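>>> Model the following, please.
(chains A and B)
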Protein chains: 2
Amino acid sequence: MAAALFANGEIATVKPSANSRYSAVYSEVQNSRLDHPLTLPSVLRSAFKVVDGPPSSAAGNPDEIAKLFPSMFGQPSAMLVPGASGDTPLVQGLKIGVVLSGGQAPGGHNVISGIFDYLQDHCKGSTVYGFRGGPAGIMKCKYVILTPEYIYPYRNQGGFDMICSGRDKIETPEQFKQAEETALKLELEGLDVIDDSNTNACLLAENFRSKNLKTRVIGCPKTIDGDLKCKEVPTSFGFDTACKIFAEMIGNVMVDARSTGKYYHFVRLMGRAASHITLECALQTHPNITLIGEEVAANKQTLKSVTDYIADVICKRAELGHNYGVILIPEGLIDFIPEVQHLIAELNEILAHETVDEAGLWKKKLEPQSLQLFELLPPAIQDQLMLERDPHGNVQVAKIETEKMLIQMVETELELRKRAGVYKGHFKGQSHFFGYEGRCGLPSNFDATYCYALGYAAGALLESGKTGFISSVGNLAAPVEEWTIGGTALTSLMDVERRHGKFKPVIKKAMVELEGAPFKKFASMREEWAHNNRYINPGPIQFVGPASYKTNHTLLLELGAQV
Amino acid sequence: MAAALFANGEIATVKPSANSRYSAVYSEVQNSRLDHPLTLPSVLRSAFKVVDGPPSSAAGNPDEIAKLFPSMFGQPSAMLVPGASGDTPLVQGLKIGVVLSGGQAPGGHNVISGIFDYLQDHCKGSTVYGFRGGPAGIMKCKYVILTPEYIYPYRNQGGFDMICSGRDKIETPEQFKQAEETALKLELEGLDVIDDSNTNACLLAENFRSKNLKTRVIGCPKTIDGDLKCKEVPTSFGFDTACKIFAEMIGNVMVDARSTGKYYHFVRLMGRAASHITLECALQTHPNITLIGEEVAANKQTLKSVTDYIADVICKRAELGHNYGVILIPEGLIDFIPEVQHLIAELNEILAHETVDEAGLWKKKLEPQSLQLFELLPPAIQDQLMLERDPHGNVQVAKIETEKMLIQMVETELELRKRAGVYKGHFKGQSHFFGYEGRCGLPSNFDATYCYALGYAAGALLESGKTGFISSVGNLAAPVEEWTIGGTALTSLMDVERRHGKFKPVIKKAMVELEGAPFKKFASMREEWAHNNRYINPGPIQFVGPASYKTNHTLLLELGAQV
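Reported below is the predicted structural model:
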């Protein structure tokens, strides 16, 4: 090896392909991933059959779910077990569609590769349609026929650009009609919906079945936010890679903080609804302060109490001689603070009907406590609350730079404490937001393998005639060979919410459980992390060598494994 | 391997150590780097002698440099060549100090390891003093004695936290006096200054020599910005790693941009004085638009012309159906725009003497063209220009969020074009700043190896009695074995600048050369990158396997190698 060290050579190479992406050059790491061998769970590597479990119910309000999904409700879970299938063989040559929906998550291309390879291995002569640009591609019948050559450049690569994604929903009768037309036109036996809202997959399954279409629908659990999971689906794909990318950056910032000794880094992390990403990054890196939205909500904290908590740790650290630190903040923090939600609701209402006068008379419309909170906010944040509105006139919470807001509020608080003589340190805040960087990274070995299994399993479920299922791969703390493969009835994950006087089916977002193992481990260590420096720098994701075959703390802890 | 895939186990392990950092846990990747074997250039692996080249001069104004550095000026370069040294052997057991100065750069710990190992290998019984917290540690004689156990946990690790850094300068007679006292007290034979301003190392060398102290001073080229380089010193350490970390993030954002198809990502990159980082990241990732400060200055561009250039590319891309893209912006961009510099100078002057009135009457003091420019700026940037001032009352240019400014200006321009009917696309900007994430990453194999050689060479130079030199490692496009090792007289890199009526010695920052190979390669490809999508995703730095032994494009191109 030594002889070749740093010798000059091609940094990026070109491989020929019919595909437009691939007419560009790939980096050496991208190239090396193309032929990365993926291990399949043992059960998928020889003859297997699909066996049914007991009938399922719903996560809540089974009667309403049964009414909403008459054809789907109660389906038993399916499990793949070794052995030849006793069923009549299905028609050779299936026609299957795949679609990516919503935000990117590393591994999506491997789900598609998994389905494709399953069909190549088990159903010769199949056709796979990749619907372009998300659900709109189904409605407009806009697709590309996937071939081995077309798929190859995307194997183990990040992003969703093989067929791109979109955020359209199929929900009106007209839209369902369009989807049906596509299913009929292409004679689809099946459709794999890769999404974080598997509710739509289930509605589509129900709709196709009720119209007597042969098109079956299987969902796959996607979201870097990690909030689509349940007993049967231990994790959503992309979470592992995204957290590792964020943790790499956080670890670097920590070493920087310790080396300079003069900055507090406030790091906001993507993940608006739940704080899983923030919690996982904390477990990987051991920051001084970590805010978990679910805990903030459970304790009914105010913005002031959050600020005080941060200031308290900073004061204590100053006494210990540390005028630096790293603080993790979930993107959705302010959604978890009741008084802020209240203020925002009032602002939405007032601004819809009032003119905002320079003199600030409009503020008199605010309730006293909301006014007090508004006045507490830094001017830049006041501006963001007044200006950044979506087309419906609502405040765009995701655009509020919570990390900058907290820096300013903490600074003000520390100034007061300094004047009162109880704080003698010096404080300088640096803000960061890590989000887009993590959605399209090259999938970790875990996500690459997990997604391939999810896709392969989806192929098996579709072939076996299942519909309204989510592909589920379990036993993930064990070696890949021992992973279990099955499908779970989507209705069994559902509950209803009352919206506009109607019941609406939802798969509830899985929030951080304050009694769960990941949070409890964090809670048991955070005081130690706060005052001492227990930083860990996970380093960049490695594809070979040390740590390249590790998964994340959250998953392992939830599965009861030691980390 | 497959059997162990994702099996549960320790993610981070603890190794015992007397060192405080090391009482914490390390990630598996950090651990794996500790024992990473480093190759030394052949010349350092067996007997060598130091041979002198011809006498040197200065980069400019040799007469003034000769006056400023009477003891140092004219020293010949030194080169290590194979063979036993004919000189009288020096005293065994040297006392050597090391100090880290200025901002972090990946590899600093390896420079120290290199010196330490050199002394262990060649000068048994030596003592290495690590001055703590930068040059202040020399002045206050605050140090730690480095031992193998103390150094071990920092081998191949990022950051400067082994002894920490600082930004103090040794420049007043009082401060030189303090440095002398430390040198005398510790009986230092040598001092290695790891800094981006090697002017200070040279001043210290001159001072010690003029006072007849035995303490010799050697500098090492450090800065992620890549602007400390010359013929003899082909690159500064840390540049390679930092660019690779930024390029990883940029590559991910590119895949995201292409997958969603709806955002323009404006990425500001650290590196205020020169645009090397931005240029290198462009060569690694092929963004649609890259602004190079040196070119903007050479073309005397205005903020409006920069905005128009970006808007032109966006309009052209919209015609091609691409309403997304990635744009790289050097941190120091606005420093390169003459009219902005002019405005800032006027603002500094006005705000030092005038009260800023709400009605804006103060603006009448601005020259017409500055007023016009000021009015063109988005309000948030106007605020930053008015509010963010350093203790001397000057605008803090580094705090100006240029990426957000450009997003707003481009948005306004595109709005005008839309109204004029010449732009029919849709534009959404997303801003990013990558800086701190790159300063303390785990050093790439290149930086780890390069720094170790720099440190080892510094040890050899100090032992051979050299002073006022910078450690120089050359032939970097060849395998490590063939790297050359030497020292270059710091005075030969110097010129003078006239400041406050006095000549001040400076090692000029190496700017991006518009006639240099890296810029020319970029310039020849940027139109292709602008309109088509030639994105490359370099992926995370790998320590083993593919691409783990590649260095950066800038270095290879400057050395005349093919990339």
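
>>> average model confidence for stretch A:199-209?
For stretch A:199-209, mean pLDDT is 96.

>>> and the gap between the spatially closest residue to A:Gly325 that is not a sequence neighbour and A:Asn31?
Nearest residue to A:Gly325, sequence neighbours excluded (Cβ to Cβ, 6 or more residues apart in numbering or on different chains): A:Asn288, at 3.9 Å. (Each C-beta comes from the backbone N, C-alpha and C, glycine too.) Distance, A:Asn288 to A:Asn31, by Cβ to Cβ, to the nearest Å: 40 Å.

>>> and those two? which has more neighbours close in?
Remark: of A:Asn288 and A:Asn31, A:Asn288 carries more neighbours, 27 against 18, as counted by other Cβ atoms under 10 Å in any protein chain shown.

>>> how far away is the more buried one from B:Tyr26?
Distance from A:Asn288 to B:Tyr26, by Cβ to Cβ: 18 Å.

>>> and the angle for the longest helix anywhere in chain A with helix B:239-260?
In chain A, with assignment by DSSP state H, the single longest helix is helix A:239-260. Relative orientation of helix A:239-260 versus helix B:239-260 (axes from the mean of the first three to the mean of the last three Cα atoms, to 10 degrees): 150 degrees.

>>> Off-centre distance for helix A:239-260?
19 Å (Cα atoms, centre = their mean, to the nearest Å).

>>> Stretch A:271-279 too?
Distance of stretch A:271-279 from the chain centroid (Cα atoms, centre = their mean) equals 9 Å.

>>> and what of stretch A:396-407?
With Cα atoms, centre = their mean, you get 20 Å for stretch A:396-407.

>>> Need the residues that contact that stretch.
With contacts defined as Cβ atoms under 8 Å, 6 or more residues apart in numbering or on different chains, stretch A:396-407 is touched by A:264, A:266-268, A:272, A:306-307, A:310, A:327, A:329, A:331-335, A:344, A:377-378, A:380-381, A:384-385, A:388-390, A:429, A:431-433.

>>> List, out of these, those positioned next to chain B.
Checking the contacts of stretch A:396-407 against chain B by Cβ under 8 Å from any Cβ of the partner chain, the ones in range are A:380, A:432.

>>> Give me the subset of the contacts of stretch A:396-407 that lies in strands.
A:264, A:266-268, A:327, A:329, A:429, A:431-433 (DSSP state E).

>>> separation between the closest residue to chain B within the stretch 301-450 of chain A and B:His500?
When scored by Cβ to the nearest Cβ, the stretch 301-450 of chain A has A:Cys440 as its residue closest to chain B, at 3.8 Å. The spacing between A:Cys440 and B:His500, counted by Cβ to Cβ, is 51 Å.

>>> Kindly report the same for A:Glu295.
To B:His500, A:Glu295 is 56 Å away according to Cβ to Cβ.

>>> ok, back up a step: now the buried members of the contacts of stretch A:396-407.
Buried residues within the contacts of stretch A:396-407, counting neighbours by 16 or more other Cβ atoms under 10 Å in any protein chain shown: A:264, A:266-268, A:272, A:306-307, A:310, A:327, A:329, A:331-335, A:344, A:377-378, A:381, A:384-385, A:389, A:429, A:431-433.

>>> Could you look up the SS state of A:Ser165?
Secondary structure for A:Ser165, judged by DSSP: H, G, I helix; E, B strand; the rest coil, is coil.

>>> returning to that earlier point: residues near the residue of the stretch 301-450 of chain A closest to chain B, how many?
Residues near A:Cys440, counting by other Cβ under 10 Å: 33.

>>> show me what contacts it?
Neighbours of A:Cys440 in contact, by Cβ under 8 Å, 6+ apart: A:104, A:106, A:158-160, B:252-256, B:259.

>>> Most neighbours of all the residues you listed, which one?
Tallying neighbours with other Cβ under 10 Å puts A:Pro106 at the head of the contacts of A:Cys440, with 34 neighbours.

>>> Relative to chain B, how far out is A:Glu189?
Distance, A:Glu189 to chain B, using Cβ to the nearest Cβ, to the nearest Å: 28 Å.

>>> tally of neighbours for that residue?
23.

>>> before we move on, back to that, A:Glu295 and B:His500: who's more crowded?
Taking neighbours as other Cβ under 10 Å, A:Glu295 and B:His500 compare with A:Glu295 leading, 18 against 5.

>>> Point out where chain A drops to low pLDDT.
By pLDDT under 70, the weakly predicted segments of chain A are A:1-24, A:85-91, A:388.

>>> measure the residue of the stretch 201-350 of chain A found nearest chain B to A:Pro479 for me?
Of all residues in the stretch 201-350 of chain A, A:Val255 sits closest to chain B, at 3.6 Å by Cβ to the nearest Cβ. Remark: distance between A:Val255 and A:Pro479 (Cβ to Cβ) = 33 Å.

>>> ditto for A:Leu454
17 Å.

>>> So these two - more neighbours on which side?
More neighbours surround A:Leu454 than the other of A:Leu454 and A:Pro479, with 31 against 18 (other Cβ under 10 Å).

>>> contacting residues for the residue of the stretch 201-350 of chain A closest to chain B?
The contact partners of A:Val255, taken as Cβ under 8 Å, 6+ apart, are A:535, A:537, B:104, B:157-159, B:161, B:440.

>>> Tell me the one of these nearest A:Glu463?
A:Asn537 (45.3 Å; Cβ to Cβ).

>>> which one is the closest one nearest to, not counting chain neighbours?
Using Cβ to Cβ, 6+ apart, the closest residue to A:Asn537 is A:Gly251 (3.3 Å).

>>> and the one you found, how far is that from B:Glu295?
Taking Cβ to Cβ as the measure, A:Gly251 and B:Glu295 are separated by 35 Å.

>>> what does A:Cys220 give?
47 Å.

>>> so what's whichever residue of the stretch 51-200 of chain A sits closest to chain B up against?
Of all residues in the stretch 51-200 of chain A, A:Gly159 sits closest to chain B, at 3.6 Å by Cβ to the nearest Cβ. By Cβ under 8 Å, 6+ apart, A:Gly159 lies in contact with A:104, A:108-109, A:440, B:255-256, B:258-259.

>>> can you give me the strands in the stretch 351-500 of chain A?
Along the stretch 351-500 of chain A, counting by DSSP state E, counting those that start in this stretch, strands occupy A:429-434, A:469-474, A:484-489, A:494-499.

>>> Give me the sheet partners of the second one and which way each runs.
Same thing as strand A:469-474. Take DSSP bridges as the rule and strand A:469-474 pairs in its sheet with strand A:216-221 (parallel), strand A:484-489 (antiparallel).

>>> among those, which is the most enclosed?
Comparing the strands paired with strand A:469-474 by mean neighbour count (mean count of other Cβ atoms under 10 Å in any protein chain shown), strand A:216-221 ranks first with a mean of 31.

>>> Please, where are all the strands along the stretch 51-200 of chain A?
Under DSSP E, counting those that start in this stretch, the stretch 51-200 of chain A gives strands at A:78-82, A:95-100, A:127-131, A:143-146, A:190-195.

>>> Many thanks, I have nothing further to ask.
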